[in-house]
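In: Just to be clear, the model below is a prediction. Sequence and coordinates:
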Amino acid sequence: MVEEDSGWIVAGWIKESLGRVLANQLILRGWLRGTSSEDIGELEIMSNDSGVRLIEAKTPITLSQFLDHQSKEASEESEAQLVFWNDVDDQNPQFSPLFYLQVTNFECGGYSIGISCNLLLADILFKENFFQKT
């Protein structure tokens, strides 16, 4: 395996694994939508094969440099860059994915995997079940 490609290979494996997992996890495959005009602010999950987003990113530093920077400055902001997130769009919730996976490639060939999900999916038992099937 070529070092510079390691994170991209991992992203490929994640895509393949997600395809298998999502076949059985219908709730992850959906987007949010409003329930009706009477229930303003009420949302439901609509299963439509559009709920997970995989983001592939690259950073110009090595993993060692990143970890060294973390221990010196304890910067939550730099850690947050390893996990993608967008808030739910109040006006158009149907365009708000419920689950994000981010593979970040470091210059040294190392990588990180960041996972974030909507609060609607944050039930610990649900996540535990998801990871058992991955």
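Out: Yes, it's here. Here the structure is a predicted model, which means the values were calculated and not measured.

In: can we go C-alpha only for contacts and neighbour counts from here?
Out: Fine.

In: May I ask which helix or strand encompasses residue 66?
Out: When secondary structure is defined by DSSP states H and E, residue 66 falls within helix 63-73.

In: immediately after that helix, which helix or strand?
Out: As assigned by DSSP H and E, the chain's next helix or strand after helix 63-73 is helix 76-80.

In: which SSE is residue 103 in?
Out: strand 99-105.

In: and the next helix or strand after that strand, C-alpha only, in PDB?
Out: Downstream of strand 99-105, the next assigned helix or strand under DSSP H and E is strand 111-117. Listed next in PDB are the C-alpha coordinates belonging to strand 111-117 (Å, rounded to 0.1, in the frame of the first residue of the first chain):
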ATOM      1  CA  TYR A 111      -5.700   9.100   8.700                       C
ATOM      2  CA  SER A 112      -8.500   9.800  11.100                       C
ATOM      3  CA  ILE A 113     -12.200   8.900  11.000                       C
ATOM      4  CA  GLY A 114     -14.600  11.400  12.400                       C
ATOM      5  CA  ILE A 115     -18.300  10.500  13.000                       C
ATOM      6  CA  SER A 116     -21.100  12.800  13.700                       C
ATOM      7  CA  CYS A 117     -24.900  12.200  13.800                       C
END
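
In: in its sheet, what does strand 111-117 sit against?
Out: strand 99-105 (antiparallel) (DSSP bridges).

In: Now do the buried residues in the strand it pairs with.
Out: 99-105 (16 or more other Cα atoms under 10 Å).

In: and what of stretch 103-120?
Out: Residues of stretch 103-120 classed as buried by neighbour count (16+ other Cα under 10 Å): 103-108, 110-114, 116-118.

In: From the rest of the structure, what touches the strand holding residue 103?
Out: 6-8, 10-11, 28, 51-59, 82-85, 111-118 (Cα atoms under 8 Å, 6 or more residues apart in numbering).
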